[in-house]
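# Build me a structure from this.
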Amino acid sequence: MTGKEFLNSLAKGKSDVIQQLLCILAETGSDYCLIGGLAVNAYVEPVVSLDVDIVIAVGNMETVTDAAGKQKFKLEVFPHSLNLSAPGSDIRIQVQTDPRYQSFIDGATTKEILGYQMKVASLSNVLQGKVWAYMDDTRRRSKRQKDLADISRIIETYPELIMGLPQKIRDRLQEK
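All right, here's what the predicted structure looks like:
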């Protein structure tokens, strides 16, 4: 079973939603990069997630959402994100609209993640995004715990990065 087949079987996917998204991005010539847990998988031992966190260049956002709507994606708007979902799949696509993430697109490189070729933010940017997410007290506790686990996964593989973390996170990672 390929990575794509595995992920789509977990997502109960009748269609390959990630491939649909990648086709929309390619067809519209939209610049983007992955952030979040799936992006962490590009740098460390992968874990399965049904969440696809992505940043789309602000100038391409309307074109992408129009194209997604034509392909029957459901669109939900939130203060700092736009969520896309498709009937027949449990994959959740969260388009980050917080302007801090726009600069991540410039340093993105193409990597293979679970059988997909995708542009991924640099390791330092992925880690920075996870730090921002963890430090955001308005996020649900369970989401923040996942962010901390992703930070820990990165630090286990790249221990030299720990000194760049805020003291609060370093202390938390060193708890027994």
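# which residues touch the longest helix seen in the chain?
Longest helix in the chain, counting residues (DSSP state H): helix 141-157. For helix 141-157, contacts defined as CB atoms under 8 Å, 6 or more residues apart in numbering pick out 36-37, 40, 43-45, 47, 123, 126-127, 130-131, 133-134, 136, 139, 161-162, 165, 169, 172-173. C-beta coordinates here come from the backbone N, C-alpha and C atoms, glycine included.
# Restrict that helix to CA atoms and write it as CSV.
Extracted in CSV, the C-alpha atoms of helix 141-157 (Å, rounded to 0.1, in the frame of the first residue of the first chain):
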residue,chain,number,x,y,z
ARG,A,141,-5.6,22.8,24.9
SER,A,142,-5.6,19.6,22.9
LYS,A,143,-4.4,21.5,19.8
ARG,A,144,-1.6,23.1,21.8
GLN,A,145,-0.6,19.7,23.2
LYS,A,146,-0.3,18.4,19.6
ASP,A,147,1.8,21.5,18.7
LEU,A,148,4.1,20.8,21.7
ALA,A,149,4.4,17.2,20.5
ASP,A,150,5.4,18.4,17.0
ILE,A,151,8.0,20.7,18.5
SER,A,152,9.3,17.8,20.5
ARG,A,153,9.5,15.6,17.4
ILE,A,154,11.6,18.3,15.7
ILE,A,155,13.9,18.9,18.7
GLU,A,156,14.5,15.1,19.1
THR,A,157,15.8,15.0,15.5
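# and that helix, what's its mean pLDDT?
Taken as a whole, helix 141-157 has a mean pLDDT of 96.
# With stretch 47-64 instead?
Mean predicted lDDT for stretch 47-64 stands at 92.
# That one: how far from the chain's middle?
7 Å (CA atoms, centre = their mean, to the nearest Å).
# Just say helix, strand or coil for the spatially most central residue of the chain.
By CA atoms, centre = their mean, the chain has its centre lying nearest to Asp53, at 2.6 Å. Three-state call for Asp53 (DSSP: H, G, I helix; E, B strand; the rest coil): strand.
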